[in-house]
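# Any chance you could fold what I've pasted below:
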Amino acid sequence: MILDKLENYEKYISLHPRFQKAFEFLLNNDLQKLDKDRYEIDGKKIFADIQKKQGKGFSKLETHNKYIDIQIALNIEDNIGWKYKSDCKNSENGYDSTKDRELFLDKPDFFFKLRKNHFAIFFQDDAHAPLSTKKYLHKIVIKVLIE
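Numbering: from 1, shown residues only. Take a look at the predicted model:
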């Protein structure tokens, strides 16, 4: 997992060949005014999901096998739980390849605050519980295909 300010994005673009395009989308758009639910940046290789929803408090950890998440909070901070995937023992129903998601009933090792205009990058080994705030949240999740 990586946690940083959006202004420091250049430190991370060398970690994956698609990160440059993903961060360009975040930097070259007025993120507050994006009105569709999904924006294709590079087809199914990179896309952005716009989320405007009520936080649910902690419920479950999730991991992804096909996509890396880049998450950025836009209106308030998000409270996110985290744990190593290898330490998760209680899978809810196994990996769902259509949703690229496995849910775990384990408790996070810790919670952190994803502050407004900061980003978090979650790789395959990062079990994370986003939307753990109980407030209304506006955020963007960029999905970056790993292969």
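# what about the strands in the protein?
2-5, 38-42, 46-54, 61-63, 67-73, 78-84, 91-96, 101-104, 110-114, 118-122, 126-129, 136-145 (DSSP state E).
# Out of these, which gets nearest to Glu24?
Nearest of these to Glu24, taken as CB to CB: strand 38-42 at 8.3 Å. Where C-beta positions appear, they are placed from N, C-alpha and C, glycine not excepted.
# so Asn79 sits right up against Arg115, yeah?
No: the criterion here is CB atoms under 8 Å, and Asn79 misses it with Arg115 at 10.7 Å.
# higher neighbour count, the two?
More crowded of Asn79 and Arg115, by other CB atoms under 10 Å: Asn79, with 21 against 14.
# Find me the pLDDT at that one, would you?
Per-residue pLDDT puts Asn79 at 92.
# quick one, what contacts it?
By CB atoms under 8 Å, 6 or more residues apart in numbering, Asn79 lies in contact with Gly55, Phe111, Phe112, Lys113, Leu114, Ser132, Thr133.
# farthest-separated two in those?
Using CB to CB, the contacts of Asn79 reach their maximum pairwise distance at Gly55 and Phe112, which is 14.6 Å.
# Same list (the strands of the chain) but as a markdown table, adding distance to Tyr12.
As requested, these are exported to a markdown table (distance: least, CB to CB, whole Å):
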| stretch | distance to Tyr12 |
| --- | --- |
| strand 2-5 | 6 |
| strand 38-42 | 16 |
| strand 46-54 | 15 |
| strand 61-63 | 20 |
| strand 67-73 | 9 |
| strand 78-84 | 18 |
| strand 91-96 | 26 |
| strand 101-104 | 23 |
| strand 110-114 | 15 |
| strand 118-122 | 7 |
| strand 126-129 | 14 |
| strand 136-145 | 11 |
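# Sounds good, over and out.
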